[in-house]
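**Q** Any chance you can model this:
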Amino acid sequence: MVDAVIDQCGRTEHRVRLIPARVTVYLLLAAGLFASCGWSAVWRKLTGGLALTGEPAASALHYARKRLGASPMRALFALLATPTSAAARWRGLLVCAIDGTLLDVPASKQNLAVHRSQGDTAYRGSGYPQVRLVGLIATGSRSLLGAVFGPIDQGETTMARRLLDAMGPGRLVLADRNFDAAPLLEAILATGADLLIRVNTNTRPKTLARLADGSVLVQRGRVRLRLIAATITIATSEGTRTGHYRLETSLLDPDRYPAGAIVALYHQRWEIETAYCELKSGLLRRRVLRAGDPAGLDQEIWALLVLYQAVRIAIADALISTGHTGVQASFSIAVEAARDQITRAENIIDDE
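**A** Down below sits the predicted model:
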C-alpha cells in the first residue's frame with residue numbers, strides 16, 4: 001500500500017538513496033508513536049531491532065522528509081479512511097460524528113505567517129499557534145472516515161463542507177450546536193446522508209406540524225426536519241445535573257425512529273471527543289507538533305492521522321470473534337503494543 005501511494009504521487013526514486021521514500025513513510029509513522037523523541041532517536045527506535053549498521057545524519061532525515069512531501073501521506077490516509085468492522089449501526093444506518101479540535105504547532109517564523117493562536121492579540125505571543133482539525137468518525141469503532149485541517153481563521157462549519165464526500169446514503173451524521181447552520185445542514189442532506197444535530201438556543205425553525213410522539217415537524221431553509229425537545233438528568237455520586245436539549249433530525253418517521261431512541265442515540269456524538277483525546281494524549285502526549293513550516297505540518301498531520309487509523313484498524317482486527325466492541329478496547333494498550341512491536345522488530349516481513 002505504501003509503495004502504491006509513493007508511485008501514485010510520483011515519489012519513486014530514480015537512484016538508490018540511503019533513506020528511500022518507503023522508509024521515510026515508516027519514519028513519519030514511527031514519529032507519531034514516539035512523540036517525545038527527536039528524529040534521530042525515532043530512527044533508532046525504528047531500526048533498533050533490525051541490527052543495522054550506521055545511522056543517517058539528522059540532515060539526511062530532514063531532506064528525506066522534504067523529498068517525500070505530504071501527498072503520499074494524504075493518499076495513504078484516503079486508502080485507510082474506512083469505518084472498520086467494529087463501527088456502530090443503528091436501524092440500518094452507519095452512525096457517524098463530526099467535530100473539530102485544535103493542535104498546537106511550533107511558533108516558527110514560517111508557521112506564524114500562516115497560523116495563529118486563539119489567544120492572539122495585537123501583542124501576539126499569547127500561546128502556541130494552532131491548526132484546526134475537523135474530522136468525521138464512525139462511532140463504535142472511532143475510526144476516521146475523513147479529516148481536513150487548516151488555519152484557525154477557517155471556522156468548523158466552513159471546513160465541514162470539505163468532508164461532504166465522506167458522507168452519503170446510509171450514514172447518519174451526529175453534530176453539536178457549532179454546526180447548526182441551515183446552509184450546511186442542506187449540504188449534508190444533499191449528499192444523501194441523514195442528520196441528527198443539537199440546535200442552537202437562538203434557532204427558531206418554522207413549525208409545520210406536531211407529531212404523535214411529541215416531536216415537531218419543522219422547516220429549516222429548504223429542508224424539513226423533525227425537532228425533538230428533551231430534558232436529560234445525569235445522576236452521579238456528586239449529585240445530579242439537568243440539561244435541556246433540542247435535537248433536529250432528518251429521520252421524520254416517528255414510528256420507525258422513536259423520539260426517545262433518537263435522544264439516547266445522540267450520546268454517541270461524544271465518541272469523537274474521545275477520539276481526539278486518544279489522538280492528542282495517547283499519541284502526541286499533549287506535545288506540540290514538530291514541523292517548523294506549513295508544508296512540514298501538512299506532512300506531519302497526515303502521518304499522525306494515518307497512524308491513528310492504522311491503530312484503530314488493528315484494534316478492530318483484534319476484536320473479530322471476541323464479542324467485544326471498539327469502545328471496549330483500550331487505545332493506550334494498543335499504542336503501547338505498537339511501540340513494542342516497532343522497537344523489537346516483531347512481525348517483520350522479510351521478502352529478501
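
**Q** Now the terminal residues of stretch 266-281, how far apart.
**A** Start and end residues of stretch 266-281 are separated by 25 Å (Cα to Cα, to the nearest Å).

**Q** Same question for stretch 160-172.
**A** End-to-end for stretch 160-172, by Cα to Cα: 15 Å.

**Q** what comes up buried for that stretch?
**A** A160, L163, L164, A166, M167, R171, L172 (16 or more other Cβ atoms under 10 Å). The C-beta positions use only the backbone N, C-alpha and C, and glycine is treated the same way.

**Q** Counting residues, which helix of the protein comes out longest?
**A** helix 294-319 (DSSP state H).

**Q** For that helix, buried residues please.
**A** Under 16+ other Cβ under 10 Å, the buried positions of helix 294-319 are 294, 296-316, 319.

**Q** repeat for stretch 109-122
**A** N111, L112, H115, R116, S117, D120.

**Q** which of the residues you listed has the weakest pLDDT?
**A** The lowest pLDDT within those belongs to D120, with 54.

**Q** what about the nearest residue to F331 once chain neighbours are set aside, neighbour count?
**A** Spatial nearest neighbour of F331, excluding adjacent residues (Cβ to Cβ, 6 or more residues apart in numbering): E278 at 4.4 Å. Applying other Cβ atoms under 10 Å, we find 20 residues neighbouring E278.

**Q** Show me the strands in this protein, by range?
**A** Along the chain, counting by DSSP state E, strands occupy 89-90, 93-104, 130-138, 143-151, 171-175, 194-198, 206-210, 216-220, 223-236, 239-249.

**Q** so can I have JSON lines of these showing mean pLDDT?
**A** Below are the strands of the chain laid out as JSON lines (pLDDT from 0 to 100):
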{"stretch": "strand 89-90", "mean pLDDT": "94"}
{"stretch": "strand 93-104", "mean pLDDT": "97"}
{"stretch": "strand 130-138", "mean pLDDT": "97"}
{"stretch": "strand 143-151", "mean pLDDT": "97"}
{"stretch": "strand 171-175", "mean pLDDT": "98"}
{"stretch": "strand 194-198", "mean pLDDT": "97"}
{"stretch": "strand 206-210", "mean pLDDT": "95"}
{"stretch": "strand 216-220", "mean pLDDT": "95"}
{"stretch": "strand 223-236", "mean pLDDT": "92"}
{"stretch": "strand 239-249", "mean pLDDT": "92"}
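
**Q** among these, which is the most enclosed?
**A** Ranked by average neighbour count under the criterion mean count of other Cβ atoms under 10 Å, the strands of the chain are headed by strand 171-175 at a mean of 26.

**Q** Now do that strand: distance to the chain's middle.
**A** 15 Å (Cα atoms, centre = their mean, to the nearest Å).

**Q** tell me what that strand is packed against?
**A** Strand 171-175 sits against strand 93-104, strand 194-198, with contacts defined as 3 or more Cβ pairs under 8 Å, 6 or more residues apart in numbering; DSSP states H and E.

**Q** Adjacent strands (with direction) for the last one?
**A** Paired strands of strand 194-198, with direction, are strand 171-175 (parallel), strand 239-249 (antiparallel) (DSSP bridges).
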